[in-house]
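Q: Build the 3D model from these lines:
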Amino acid sequence: MAKKNVIVKSELRKTLPEVASFLRELADKIETGQVTLVQAGQDVTVELPDSVDFELEYYEQAKKNGLKKQLEIELEWIEGGKKHQSVTLG
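A: Below is the predicted model of the structure:
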């Protein structure tokens, strides 16, 4: 398996209104197909395809100091990969 190359990573404590504001701004950028991330004065532009795999995961994990809860939102795609066909429910 190939090694993962982390290009940008950020973990900060923010208030819920701050997180919501960031997610709204991110959603607007995603809709345009281009997101620019800025970290340590460096810009990284991410070009998004027309469709991506979207994953939403919520889980709980017991820790020594309490129950850790986590909500993850993930977008994933393979550059130049095949497009997936949409599925609807009847």
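Q: what are the phi and psi values for Lys69?
A: As for Lys69, its main-chain torsions (degrees, to the nearest 10) stand at phi -120, psi 140.
Q: wait, it sits on Lys63?
A: No. Using CB atoms under 8 Å, Lys69 makes no contact with Lys63, being 10.4 Å away. In short, each C-beta sits where N, CA and C put it, glycine included.
Q: ok, and the closest non-adjacent residue to Pro49?
A: Closest residue in space to Pro49, ignoring its immediate chain neighbours: Trp77 at 5.4 Å, by CB to CB, 6 or more residues apart in numbering.
Q: where does this protein have low pLDDT?
A: Applying pLDDT under 70 to the chain picks out residues 81-90.
Q: Wait, Tyr59 touches Leu67, no?
A: No. Under the criterion of CB under 8 Å, Tyr59 makes no contact with Leu67, lying 10.7 Å away.
Q: ok, and what's touching stretch 12-29?
A: Contacts with stretch 12-29, where a contact means CB atoms under 8 Å, 6 or more residues apart in numbering, come from 35-36.
Q: change it to 7 Å
A: The contact list for stretch 12-29 (CB atoms under 7 Å, 6 or more residues apart in numbering) reads Val35.
Q: in it, what counts as buried?
A: Along stretch 12-29, no position meets the burial threshold by neighbour count (16 or more other CB atoms under 10 Å).
Q: With adjacent residues omitted, what lies nearest to Gln61?
A: Once flanking residues are discounted, Gln61 sits nearest to Lys68: 4.7 Å by CB to CB, 6+ apart.
Q: just checking, what packs against the helix or strand the one you found falls within?
A: Of the helices and strands defined by DSSP states H and E, Lys68 is found in strand 66-76. Packing contacts for strand 66-76, counted by 3 or more CB pairs under 7 Å, 6 or more residues apart in numbering; DSSP states H and E, involve strand 53-63.
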